[in-house]
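Participant: take this sequence and fold it.
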Amino acid sequence: MTEPILSTSLALDLTLKDAKLEAALAAARGRAVSENWADRAIGRRDPAVWSGEDLVQRAIAQRLGWLEAPFHFADETGELKAFATSIREQGYTTAVLGGMGGSSLAPALLAHVFGPAKDGTPVRVLDSTDPAAVSATLDDLDPTATLFIVSTKSGTTAESLSFQAYQWARIDDALEAAGVGRPTQSGDFMAAITDPDKSLRAIPHHDQLREVFLNPPDVGGRYSALTYVGLVPGALLGIDLETLLEKARAMVIACGQPDPARNPGLALGLAMGAFAAAGRDKLTFVIDRELAAFGPWVEQLIAESTGKAPIGSADGRGVGVVPVDGEPLAAPAAYGNDRVFVRIALAGSAGPDPSIGTYVDARLAELAAAGHPVIRIEVGDKIEIGAEFVRWEVATALAGAVLKIDPFDQPNVEEAKANTRAVIAAFEDGNGADAGGAALGVADEAALAAALRAHLVKLAPNGYASIQAYVAQTPDRDAALSRIRTHLRDATHRATTVGYGPRFLHSTGQLHKGGAPIGWFLQLVCEHPADLEIPGQSYTFGQLIDAQAIGDARTLVDHNLPILRIDLGRDPDGSLAALERALVTALGEG
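Facilitator: Model (predicted):
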């Protein structure tokens, strides 16, 4: 073979000028080598790498199937390509995948990074319950020319099933309007990706769907990119699945090397875990424009996997790595001493988004000179995303071993869901008006600035500011939230994150509640002048997303975390501008 299997960088390119961090990393490497982590975890799938407790080991043993996925699914690519060809030949013009968290972020990544090939089918991802987002995703599509894929590991994900119910009704209406009866039925326009047995049985109309893809049950949602979760939409897009999986298999093999200097996943995981344990727990990503969608995927993987208490912890106090995605790059003076920077570059790329700045590498050199660790990874080609999935999965899992946590559970995710169900029950009982308490409006900017000023006092010294936007995502709102987070970062020197609700509840939400109690939260909600009914439910999409916001806020309060709720009303764009002005005043910049 004249060409290397992987053209992506394997060795960890790390710039480190801090003796304390060097010692912490050396200690982690020594432990990993002496305990043979690479062979035991990656080669032999030994759960004892993470814990000596029998119950924890048994649970982890049922969550290591992602290491087999690149090998197992190599035998399924023919079937997947045949499915994609049949969809195209039968006249489908678009596919829409409805899912949340681990079920949606890998498909969204693949759709954004690759787009549809010449003979591929465009894929949209629906992962917001905001009625404006549901309408924007579905309403311009012909339901009888659209393949809808409901993706849910458990079969019970409320958002996924709500999307399915809405699209099923749209298909029914379209068929009735066209005068089409049996044998054509709504299920002919729908597929599912789920786990076997009870997960499948929980999906409405599961026995009427045109296709069902059953994943191995020993793969957790956030580790499922190289299962049917990513491969079905990948096949529809026309991605070269054989090469994608070949790159992934090569990375699995590389990650079995015992020497951290030759093991890309182990080297990265040791750095992530050791630096976080030493106080550098804000992993800040600087990603080339062509690969920008990798950020939300890896953000979920890291946050949900690491944000929790160590196994057997006496005080239950959480730890974690806080992934910071999409924050504009700045000069060293803007940052505290809790950062690690990760540069992910695509070979031959035009560079990161212009908003990050033209001279990224020069800026990163300044940050390294100022003492911030800088990790550089160059991806040889877009198809190497298959290898990067594996690198970061291995790294995150082994960072969990450094931090002495179980990187495969999500013990706090259910809390917000339970509170959401309670709020929905209040809506159904007619008490919805009182379910969430008052959120602060933006009409009185002076009062808003005063409230923000009082809230800013609650920022932890080593904390992070999290903006939670329960609104439909648009480019203009992305830009507004980027400006708001930049004001916060520059004035407070704290890391900032931005998440659109409710999707982050299935990802970074675990870190918010289960990680170190250092988060500061700004929750943004809005009205829904064009609400949508959810067929079969007594509540609407607008009420569902409102309940999710309220449930999340209650959960944060239960964890004694500071949260300020702001109502953007009927004009989220104008209200975001008002919020920015008020924040500038509160920060003393105006």
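
Participant: okay, the most far-flung residue of the chain relative to its centre: pLDDT?
Facilitator: Among residues of the chain, the one most distant from the C-alpha centroid is G179; the distance is 41.6 Å, by Cα atoms, centre = their mean. Listed pLDDT for G179 reads 85.

Participant: for V219, which non-adjacent residue is closest in space?
Facilitator: Of all residues not flanking V219 in the chain, G65 sits nearest, at 4.2 Å (Cβ to Cβ, 6 or more residues apart in numbering). In this view, the C-beta of every residue, glycine as well, is placed from N, C-alpha and C.

Participant: pLDDT score assigned to the one you found?
Facilitator: 97.

Participant: ok, S199 next?
Facilitator: 97.

Participant: any idea how far the host helix or strand of it is from the chain center?
Facilitator: Under the criterion of DSSP states H and E, S199 resides in helix 198-202. Put simply, helix 198-202 sits 24 Å off its chain's centre (Cα atoms, centre = their mean, to the nearest Å).

Participant: go on, stretch 18-27?
Facilitator: That offset, for stretch 18-27, works out to 30 Å (Cα atoms, centre = their mean).

Participant: how about the helices in the stretch 451-590 of the chain?
Facilitator: 475-492, 508-514, 541-558, 572-586 (DSSP state H, counting those that start in this stretch).

Participant: and the chain, what are its domains?
Facilitator: 13-67+258-403, 69-243, 413-586 (automatic domain parsing).

Participant: test my guess that A491 contacts G588.
Facilitator: Yes - with contact defined as Cβ atoms under 8 Å, A491 counts as touching G588 (7.3 Å).

Participant: so which of those two has more stuff around it?
Facilitator: The neighbour comparison of A491 against G588 (other Cβ atoms under 10 Å) goes to A491, with 16 against 8.

Participant: so who does the residue nearest to N462 when sequence neighbours are not counted touch?
Facilitator: Spatial nearest neighbour of N462, excluding adjacent residues (Cβ to Cβ, 6+ apart): D338 at 5.5 Å. Counting by Cβ atoms under 8 Å, 6 or more residues apart in numbering, D338 touches G279, R280, D281, K282, N462, A495.

Participant: that older thread, just the CA trace of the helix holding S199, in CSV.
Facilitator: What follows is helix 198-202, C-alpha atoms only, in CSV (Å, rounded to 0.1, in the frame of the first residue of the first chain):
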residue,chain,number,x,y,z
LYS,A,198,-39.2,-2.7,23.4
SER,A,199,-37.7,0.4,21.8
LEU,A,200,-39.1,-0.6,18.4
ARG,A,201,-42.5,-1.5,19.9
ALA,A,202,-42.7,1.9,21.6
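
Participant: what lines up beside the following helix or strand past that helix in the sheet?
Facilitator: Using DSSP H and E, the helix or strand that follows helix 198-202 in sequence is strand 211-214. Sheet neighbours of strand 211-214, with direction, are listed as strand 190-194 (parallel) (DSSP bridges).

Participant: mind listing what's buried along the partner strand?
Facilitator: The neighbour-count check on strand 190-194 (16 or more other Cβ atoms under 10 Å) flags M190, A191, A192, I193, T194 as buried.

Participant: gap between the third one and F148?
Facilitator: Separation of A192 from F148 (Cβ to Cβ, to the nearest Å): 10 Å.

Participant: for the fourth one, same thing?
Facilitator: Using Cβ to Cβ, one obtains 12 Å as the distance from I193 to F148.

Participant: repeat that for the second one.
Facilitator: For A191, the distance to F148 equals 8 Å [Cβ to Cβ].

Participant: nearest residue to D490 other than its sequence neighbours?
Facilitator: D490's closest residue in space is A334 (Cβ to Cβ, 6+ apart), at 5.3 Å.

Participant: with A422 instead?
Facilitator: Nearest non-adjacent residue to A422, counting by Cβ to Cβ, 6+ apart: G551, 7.1 Å away.

Participant: same check, this time on G463
Facilitator: G463 sits nearest to I518 (Cβ to Cβ, 6+ apart), 3.8 Å away.

Participant: quick one, what contacts the one you found?
Facilitator: A460, N462, G463, Y464.

Participant: pLDDT wise, what is it at?
Facilitator: 98.

Participant: measure it to D429 for me?
Facilitator: 36 Å.

Participant: what do you get for A479?
Facilitator: For A479, the distance to D429 - Cβ to Cβ - is 40 Å.

Participant: comparing the two, which residue is more hemmed in?
Facilitator: For A479 versus D429, the count of surrounding residues by other Cβ under 10 Å is larger for A479: 12 against 9.

Participant: where do the strands sit along this structure?
Facilitator: Using DSSP state E, the strands assigned to the chain run over residues 13-15, 94-98, 123-126, 146-151, 190-194, 211-214, 282-287, 322-324, 339-346, 374-379, 464-469, 495-500, 519-525, 563-567.

Participant: take the ones you listed and write them to a markdown table, including distance to A41.
Facilitator: Shown next, in a markdown table, are the strands of the chain (distance: least, Cβ to Cβ, whole Å):
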| stretch | distance to A41 |
| --- | --- |
| strand 13-15 | 21 |
| strand 94-98 | 31 |
| strand 123-126 | 31 |
| strand 146-151 | 28 |
| strand 190-194 | 27 |
| strand 211-214 | 26 |
| strand 282-287 | 21 |
| strand 322-324 | 22 |
| strand 339-346 | 22 |
| strand 374-379 | 21 |
| strand 464-469 | 29 |
| strand 495-500 | 29 |
| strand 519-525 | 30 |
| strand 563-567 | 37 |
